[in-house]
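K.L.:
sequence and computational prediction follow.
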Amino acid sequence: MSQTGKSNAADLSVEVHPSVQALHDWFGVAIIRDEIVAGDEHVVYVDASRITEVLGWLKEVPEHLYDYLSDITAVDYGGGRPIQVVYQLFSISHRRSLRVKAELPLSALEIDSAVPLWASANWLEREVYDMFGISFKGHPDLRRILMPENYAEGYPLRKDFPLRGRFTRAEQTQRALSQEPEDYYIPADFECGRKPQLVQWQETGGEPEPDGDPSDH
Amino acid sequence: MSKRTVEYEVSRTPELGMDFRPREGLMSPAELPEPDFGSDNMLINIGPQHPATHGVLRLVLELDGETVVRCIPHIGYLHSSFEKLGEYRDWNQIVTLTDRIDYLAPLIYNCAYVMAVEKMMGVQVTERCKVVRVICMELDRIFSHLLWLGTWAIDVGAFTPFLYAFQERERVYHLHDAFTGARITTSATRVGGMMADIPEGWDQGVREFANTLPDTLDEIEALLTTNGIHLGRSQGVGVISGGEAINSGLSGPNLRASGVPYDLRKDKPYYDYETYDFEVPVGEHGDCYDRYMVRIEEMRQSCLLLLQALDRLPDGPINVNDPRVVLPRKTDCMNDMESMIHHFKLVMDGLKTPPGESYFAVEGSKGELGMYVVSDGGSKPVRWRIRPPSFINLSVISKLVEGGLLADVVIVNASLDIVLGEIDR
C-alpha cells in the first residue's frame, strides 16, 4: 500500500541529467540545445521533424523510460518568433522529469502527433490545435475541443489574437444565435477523424500587432 | 362571455382541421421511411444540462440496445480562457483566476499557482507558510473528495451519504470563510506568502474537523462500502489497467485505483511532504469501486496529514522577507518615502519576474495539477498553462464506457471525479 520506504532523492542533480547527455550522444544534431531553468528543470530543444523519434526513444529505452506524458502545450512569444511545442515528460520508475521542446516557425505550424506513443496526447494535441492552430500530423481526430467547431475567429492563445476576440460583441452574439442547434445532432457530425479545416480565419485588413505585448491592454 | 367563447371556438376549429388534414404529396408518419443512420444503432445525447454529468458535459452515445457502442464527449461549454486572461494580468492578480478554475478545491489551485511562480523566481517561502499551505491543500483535498463522495452516492442511488458529506463540506466552507473571508473564491495565496496569516483559533477549528471527520466517514462507509447495490453497480465497471492508465495520462486517485502508486507528494516531494507520515492508498482492479475506496482512504490520510501539520506549525512570519515580491508594511508606507514608493511600484506595476519558465506540479485532489509559467521579464506572464487533471482524466471516458451499459455511463463519469470548470478553463 505504502511507498514511504522509497527514497525521495529524485534524480534531479542540477549539473548532469542522464537523459540529456544520452540524447546528445544518440541523436547528435537533432538535439539543438539544452538548458536548465528554474534551478533544476532540464529542457531539451529538439528538431521538430524528428520529434516522435526522440519522444519514442525516451519512452521506450529502459534507462530513461519516460512512460508518463504529463502535458503537451505550446508557447507563443509573439513578435513573429517561432511557436514552441512543449512536452512535459515524467518517468514514474526513475522519478525523473524532462521537458522537450520543438520550435515551429509561424509559416509551417505542423508537427508529428504523439498519439501513437501516448493516448493522453489525443486531447492535449486537440487543445493545442484549437488554441494555437498547430496541426499534428497523424492525429486520429484533430478537431477543435474547447471552442465551437464553427469558430472562425482564429486561434485564441496566439499573441496576435486580441483579448476580446476579432468580432464585435454583436457579431459574436449574432453568430451564436444564427447557429442551427439541430446541426449538432445529425449523425454525420459525430464522425470522427474527418479532415480538419485548418484555415478558418483570414486576415483581411491591416497587419497583426507587430509585437503581441499584452501590456497594451 | 359565453358568446365570446363560442366565437373563439368557431374561429379556431377550421384552422385545426386544416393542420390535421394530410397535405398533398406528403406521406403520413407511418409511411415515412426510417431515417438512415447507417446502422440500427440509436444515438442519444446526455447533457450539456444534465445532473448526472456533474456540470456542462455533453456525451453523445451510440447505443446498440442498452450497450454503448461509441461515446463522444463534447466539452467547452464553460470555456472562459483563463490562460488568455492571465496573460493580461500581473502575477498576483492571477491568483483570483485560479480558484475559479476548480471551485471544488480552490486552495490547492491557489497554492499550486504561486508555487510555480516562486519556483521560477527562486523565492523560498517561510517555514510557517509551507506548513499553512500544506494544511490548506490537505483541507481542500478532503473538501473536493467530499463533494465527489456525495454526488457519487447519489449517482449510485443513495441519498443519505450526500447529506452527510455536504454537512461536512459546510464545515470546510466555514473554515475557508474564517481564513479568507470567502467560501469558494478564496484567493488565499500571494507570491511569497499568503494574503494573511491564519486567524487565531483557526488551527483549532481545523484540528477539530480533522479529528471528527473520520467518524462521519465511518458512517458513510457503513452505508456504502459493503452495500449490495453499491457493490453491484461499481465493481467491475469502468475497468482500466495500470499500463493503460499511465498511457492515457490518468493521474491522482483514478491512476492509483489501477494499482500505480504514483503520487507527487511521494514521487516529487514538495513542502517537506517526505517528512510527513502518511500512506498512499492504491487499488488493484482499476474499477469504479477501487476509485471509491482510494478516495475514502485518501480522506483519512489527509486527516492524519492535517493533524501532523498542525502539530508542527511553527511560529514566525508567514510572508517571505523579500522586497521584490512582498508589500512593505502599511505603517512603513505611511512613515517613510522609500517604502511608499516601493508599495506604489509593486501595486501599480506588479512584481517583476526574471525571464524564465517553470513547470511545477502538485498532487491536487483530481490528480497531477501542473502549472507552467513562462516569463519574459515583465510583470505579466507570456504564458500561463494549467495542466488540467480532470481534462485528461475525462479523455478516457470513451474507453471506459464503450462496451458497457448505458446505466454505467453515469457511474463511470461520477467515479472519474471531474470538474467542468477546470476541464474547460
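P.N.:
On my side now, so go ahead.
K.L.:
and residue B:151, which helix or strand is it part of?
P.N.:
Assigning secondary structure by DSSP states H and E places residue B:151 in helix B:127-155.
K.L.:
quick check, that helix touching chain A?
P.N.:
No: on the criterion C-beta under 8 Å from any C-beta of the partner chain, helix B:127-155 is out of touch with chain A, staying 15.6 Å away. Every C-beta, even on glycine, is put in place using the N, C-alpha and C of the backbone.
K.L.:
run through the strands of chain A in chain order.
P.N.:
Using DSSP state E, the strands of chain A run over A:31-37, A:41-46, A:68-75, A:83-91, A:96-104, A:110-112, A:135-137.
K.L.:
what would these look like in TSV with mean pLDDT?
P.N.:
As requested, the strands of chain A are exported to TSV (pLDDT from 0 to 100):
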stretch	mean pLDDT
strand A:31-37	87
strand A:41-46	91
strand A:68-75	92
strand A:83-91	92
strand A:96-104	91
strand A:110-112	91
strand A:135-137	90
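K.L.:
which of these sits closest to chain B?
P.N.:
Chain B lies closest, by C-beta to the nearest C-beta, to one member of the strands of chain A: strand A:68-75, at 4.3 Å.
K.L.:
right, and residue B:233 touches residue B:157 too?
P.N.:
Yes: if you go by C-beta atoms under 8 Å, residue B:233 and residue B:157 touch, sitting 7.5 Å apart.
K.L.:
more crowded one of these two?
P.N.:
Per other C-beta atoms under 10 Å in any protein chain shown, whichever of residue B:233 and residue B:157 has more neighbours is residue B:233, with 19 against 11.
K.L.:
please, which helix or strand holds that one?
P.N.:
Element membership for residue B:233 (DSSP H and E) is helix B:228-234.
K.L.:
can you list the buried residues in that helix?
P.N.:
B:230, B:233-234 (16 or more other C-beta atoms under 10 Å in any protein chain shown).
K.L.:
how far does the lowest-mean-pLDDT helix or strand in chain A sit from its chain's centre?
P.N.:
Least confident helix or strand of chain A, by mean pLDDT, DSSP states H and E, is helix A:169-178 with a mean of 78. Centroid displacement of helix A:169-178 relative to its chain, using C-alpha atoms, centre = their mean, to the nearest Å, is 30 Å.
K.L.:
in CSV, list the C-alpha atoms belonging to it.
P.N.:
What follows is helix A:169-178, C-alpha atoms only, in CSV (Å, rounded to 0.1, in the frame of the first residue of the first chain):
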residue,chain,number,x,y,z
ARG,A,169,-19.8,41.5,-29.3
ALA,A,170,-22.9,42.0,-31.5
GLU,A,171,-21.3,39.9,-34.3
GLN,A,172,-20.4,37.2,-31.8
THR,A,173,-24.0,37.1,-30.5
GLN,A,174,-25.4,37.1,-33.9
ARG,A,175,-23.2,34.2,-35.0
ALA,A,176,-24.2,32.2,-31.9
LEU,A,177,-27.9,32.9,-32.5
SER,A,178,-27.8,32.0,-36.1
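K.L.:
do it and chain B come into contact?
P.N.:
No: in terms of C-beta under 8 Å from any C-beta, no part of helix A:169-178 sits within range of chain B; the closest distance is 12.3 Å.
K.L.:
name the helix or strand for the residue nearest to residue B:303 when sequence neighbours are not counted, please.
P.N.:
Counting by C-beta to C-beta, 6 or more residues apart in numbering or on different chains, residue B:303 lies nearest to residue B:210, which is 4.4 Å off, once chain neighbours are set aside. Here residue B:210, judged by DSSP H and E, is contained in helix B:202-224.
K.L.:
who touches that helix?
P.N.:
With contact meaning C-beta atoms under 8 Å, 6 or more residues apart in numbering or on different chains, helix B:202-224 is reached by B:135, B:139, B:142, B:149, B:153, B:156, B:158, B:160-161, B:164-165, B:167-168, B:171-172, B:174-175, B:178-179, B:230, B:292, B:296, B:299-300, B:303-304, B:306-307, B:310, B:313.
K.L.:
got the angle between it and helix B:127-155?
P.N.:
Per axes from the mean of the first three to the mean of the last three C-alpha atoms, to 10 degrees, the angle that helix B:202-224 makes with helix B:127-155 is 20 degrees.
K.L.:
list the buried residues in helix B:202-224.
P.N.:
In terms of neighbour count (16+ other C-beta under 10 Å), helix B:202-224 has its buried residues at B:203, B:205-206, B:209-210, B:213, B:216-217, B:220-221, B:224.
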